[in-house]
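A.B. asks: How does the following fold in three dimensions:
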Amino acid sequence: MLTLRAARPDDLGAIVKLERYCFPPEVAFGRNRWHYLLSHAKGHTLLLHDAKGQLMGYLCLLEHKGWDRLVIQTLAIHWRMRRQGWARRLLEQVIAKGKAQGWGAIRLEVADGNDEALPLYQRLGFKAQQRLPDYYGRDQHAHRLVLRLHEPKKTGDVAIPGYLREL
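C.D. replies: Sure, this is the predicted structure:
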């Protein structure tokens, strides 16, 4: 049985360990970045634990009120738990929360070569917004994906220009 809970600062060691396990060193967040995300950033991290209390996955989400969007910083699932729907469940929870709280969109970046994640994001309604050359390093390209949760907000009778909504 797996359990889901919000991360706390004392989860830092387990999160960094799973991060290093799931991502190559050139893209993995370091201890300092995770310390900031857990202690100071506006947002939260959801943790997925197995019956023994071992961390099996996480999703880190930041809130950007000025952009009217949530930003998924990172999502990782231990290889033993992959292809069982856990990433989808984490994403669906974030989508439901975003809709309930009135956020305009959810944004994330995904590597071009991530053949497992890209179809999942597309099935959930995320659309490619922008290509990001060399995002993860030389010749490691990515795409920015956005899922609209609500129609873009308007200021008076004037719609906010698309290029400003997409930031």
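A.B. asks: What are the boundaries of the strands in the protein?
C.D. replies: 3-6, 43-49, 55-64, 69-77, 105-111, 127-132, 142-148, 154-155, 158-159 (DSSP state E).
A.B. asks: right, and these - which one's nearest G13?
C.D. replies: strand 55-64 (9.5 Å; Cβ to Cβ). Where you see a C-beta, it was placed from the backbone N, CA and C, and this is true even at glycine.
A.B. asks: now that closest one against strand 43-49, angle please.
C.D. replies: Going by axes from the mean of the first three to the mean of the last three Cα atoms, to 10 degrees, strand 55-64 is angled at 170 degrees with respect to strand 43-49.
A.B. asks: Just the residues contacting strand 55-64, thanks.
C.D. replies: Contacting residues not belonging to strand 55-64 are listed as 2, 7, 11, 14-15, 17-18, 37, 41-50, 70-78, 80-81, 86-87, 90-91, 94, 103 [Cβ atoms under 8 Å, 6 or more residues apart in numbering].
A.B. asks: will you turn the strands of the chain into CSV that also has mean neighbour count?
C.D. replies: CSV is the format used below for the strands of the chain (neighbours: other Cβ atoms under 10 Å):
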stretch, mean neighbour count
strand 3-6, 12
strand 43-49, 19
strand 55-64, 21
strand 69-77, 21
strand 105-111, 21
strand 127-132, 13
strand 142-148, 19
strand 154-155, 8
strand 158-159, 10
